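Chemist: just a sequence and a predicted model for now, questions to come.
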Amino acid sequence: MVSVLEQSEQIESVGDNDEAVVDLATLASEADVKVTPEPMSVGDEEPDDGMHWYVVHTYSGYERKVQQSLEERIRTLELGDQVAELLIPTEDIVEMKSGKKVVTAKKFFPGYLLIRMAMNDGLWHVVKNTPRVTGFVGSGSKPIPLPPHEVKKIVNRMEESVEAPKPKFHFQKGESVCIIDGPFTNFTGKVDEVDARRNTLKVMVSIFGRNTPVELDFFQVEKV
């Protein structure tokens, strides 16, 4: 079975009014989580408090509004003892804008949020009837809890992106680039090799009339 993390590689972040297309049947055995900086259940074993993580499907682009609506409902209905956490899985992405590095948070499961709760009929209806919520991920009307090891993967992915944000760059062999940092600043050249794993590329630069390969970090160049 394809895990949530593997499935997420096939999901592109979309605009506020576009619906993310995702195979819910594939996701039926997994989910995602949000809001406290230090989620309670990130290990292989969940606390024995009767709560589990579930995946809630929302209109894509409205995850934050749904989260806020749920938090307000939980406060108003005094359901805090039945809901531990809400989580919108995001990862930090770094890109160059006007020559500066800018870090932004990108949802890697657009159209979904995670909720850690004690499932019961009353709470199910509260979540299901929240504006812009289409339902829980699961079989019919029975939500399926997200396995603890999947929660751990999601949390790890979020934490890793905070420590080392992923670069949002796409280079291809043969593209012309301008070097904006380092000893070859303002030189132009063509991309010869791209190492996406190391976030580096090899650029052929004309130095003293000869094409010379220069290895650079993604952040050191910009497309011409």
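Modeler: Happy to help now that I have it.

Chemist: what helix or strand is residue 212 located in?
Modeler: Assignment of secondary structure by DSSP states H and E places residue 212 within strand 210-217.

Chemist: and the next element down the chain from that strand?
Modeler: The element immediately downstream of strand 210-217 (helix or strand, assigned by DSSP H and E) is strand 221-223.

Chemist: checking residue 127 next. Helix, strand or coil?
Modeler: Reducing the assignment to helix, strand or coil with DSSP: H, G, I helix; E, B strand; the rest coil, the entry for residue 127 is helix.

Chemist: tell me, how many residues neighbour it?
Modeler: Other residues within reach of residue 127 by the criterion other C-beta atoms under 10 Å amount to 22. Where you see a C-beta, it was placed from the backbone N, CA and C, and this is true even at glycine.

Chemist: which ones are touching it?
Modeler: Contacts for residue 127 were tallied using C-beta atoms under 8 Å, 6 or more residues apart in numbering; they are 56, 70, 115, 117, 133, 136.

Chemist: let's have the residues you listed in CSV, adding pLDDT, distance to residue 123 and neighbour count.
Modeler: As requested, the contacts of residue 127 are arranged in CSV below (pLDDT from 0 to 100; distance: C-beta to C-beta, whole Å; neighbours: other C-beta atoms under 10 Å):
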residue, pLDDT, distance to residue 123, neighbour count
56, 95, 12, 26
70, 97, 11, 24
115, 96, 9, 29
117, 96, 6, 26
133, 96, 13, 19
136, 94, 11, 23
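
Chemist: perfect, that will be all.
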